[in-house]
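Trainee: Build me a structure from this.
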Amino acid sequence: MSAYTQPAINNEFGAILTIGVRANFDRMAMVMPMVPDGGSLTDANRCDDLTQAVEATVLPVLVDCMSSSANVSFVQAEGMMNGDQPARRDYGDTLFPGTLAAKTVPDSCAGLICYYQETADVIPGHRIRTAKTFVPGLPDSLWDGDTIDPSIATAYNALATILQNGFHGVIDAAVTWYRCLSAPDRNAVSQCPRVGGWQVRGYIGTQRRRMIPH
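Mentor: Numbering: from 1, shown residues only. Down below sits the predicted model:
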């Protein structure tokens, strides 16, 4: 868990980040709400700044969480509010491969990071809100009896740290992007619930998969 306190952030300048991952001839995506602490970014370049910053700062940390049988296939950002120009950066199979052992667990299984709401933002009498990030591409060799090897938890913690503590923009280096807990209603400007800490789960996270209709 981190003791870092994020600044007040709101959805007026936020974006929904999607990181695409390819593994086992299948495609997965990590979707996270991201919000900057201000700066001079505009509706035209805000999402572009986020994708560039993620490519420069987050992806080098993310690939250390993934098997070499997996790779990042794209980074995409769409504004939380109507009017922002979206941005996307696509990558070949060899540009951002994972750095860990080959062969991954089944595609419906992943590492799991749970985020917890900043306690100062919790309404008295209400529960602390939570959010999750499933990290695809877990090496099969680090999976034992539905638990993950403690060694990969270090990599997951490094990823969670950079997302909560923030990373600088590229178009405007004075901007810091943060992973918030969730995106509020896009039809009104409102404060985003901040992340106050996280925990890497020691077990496999699974996503339920629906059968393809025939």
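Trainee: quick one: contacts for the spatially most central residue of the chain?
Mentor: Geometric centre of the chain, nearest residue: Met32, 4.6 Å, by C-alpha atoms, centre = their mean. Each residue near Met32 by C-beta atoms under 8 Å, 6 or more residues apart in numbering is listed here: Ile16, Leu17, Ile19, Thr133, Leu163, Arg179. From N, CA and C alone the C-beta is placed, and that goes for glycine too.
Trainee: would you turn those residues into JSON lines with pLDDT and distance to Pro139?
Mentor: Output for the contacts of Met32, formatted as JSON lines (pLDDT from 0 to 100; distance: C-beta to C-beta, whole Å):
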{"residue": "Ile16", "pLDDT": "96", "distance to Pro139": "28"}
{"residue": "Leu17", "pLDDT": "98", "distance to Pro139": "24"}
{"residue": "Ile19", "pLDDT": "98", "distance to Pro139": "18"}
{"residue": "Thr133", "pLDDT": "92", "distance to Pro139": "18"}
{"residue": "Leu163", "pLDDT": "95", "distance to Pro139": "21"}
{"residue": "Arg179", "pLDDT": "96", "distance to Pro139": "24"}
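Trainee: Beta-bridge partners for the residue nearest to the centre of the chain, please?
Mentor: Taking DSSP bridges as the rule, Met32 bridges to Leu17.
Trainee: how close does it get to Gly38?
Mentor: According to C-beta to C-beta, to the nearest Å, Met32 stands 20 Å off from Gly38.
Trainee: pLDDT below threshold where in this structure?
Mentor: The model of the chain has pLDDT under 70 over residues 1-3, 186, 207-214.
Trainee: Would you state the helices of it in chain order?
Mentor: Counting by DSSP state H, the chain has helices at residues 46-53, 59-62, 150-165.
Trainee: can you put those helices in TSV and add mean neighbour count?
Mentor: Putting the helices of the chain into TSV (neighbours: other C-beta atoms under 10 Å) gives the following:
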stretch	mean neighbour count
helix 46-53	24
helix 59-62	18
helix 150-165	18
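Trainee: which one of the ones you listed lies closest to Pro7?
Mentor: For those, the distance to Pro7 is smallest for helix 150-165, at 11.3 Å, taking C-beta to C-beta.
Trainee: Residues contacting that closest one, please?
Mentor: 2, 4, 6, 32, 57-58, 61-62, 64-65, 100, 111, 113, 115, 133, 135, 138-139, 142, 178-179, 195, 197-198, 200, 202.
Trainee: so who does the residue nearest to Gly98 when sequence neighbours are not counted touch?
Mentor: Using C-beta to C-beta, 6 or more residues apart in numbering and skipping residues adjacent in sequence, the residue nearest Gly98 is Met66, 3.0 Å away. The contact partners of Met66, taken as C-beta under 8 Å, 6+ apart, are Val21, Ala23, Pro97, Gly98, Thr99, Leu100, Thr104, Val135, Pro136, Gly137, Leu138, Pro139.
Trainee: Right, I'll leave it there.
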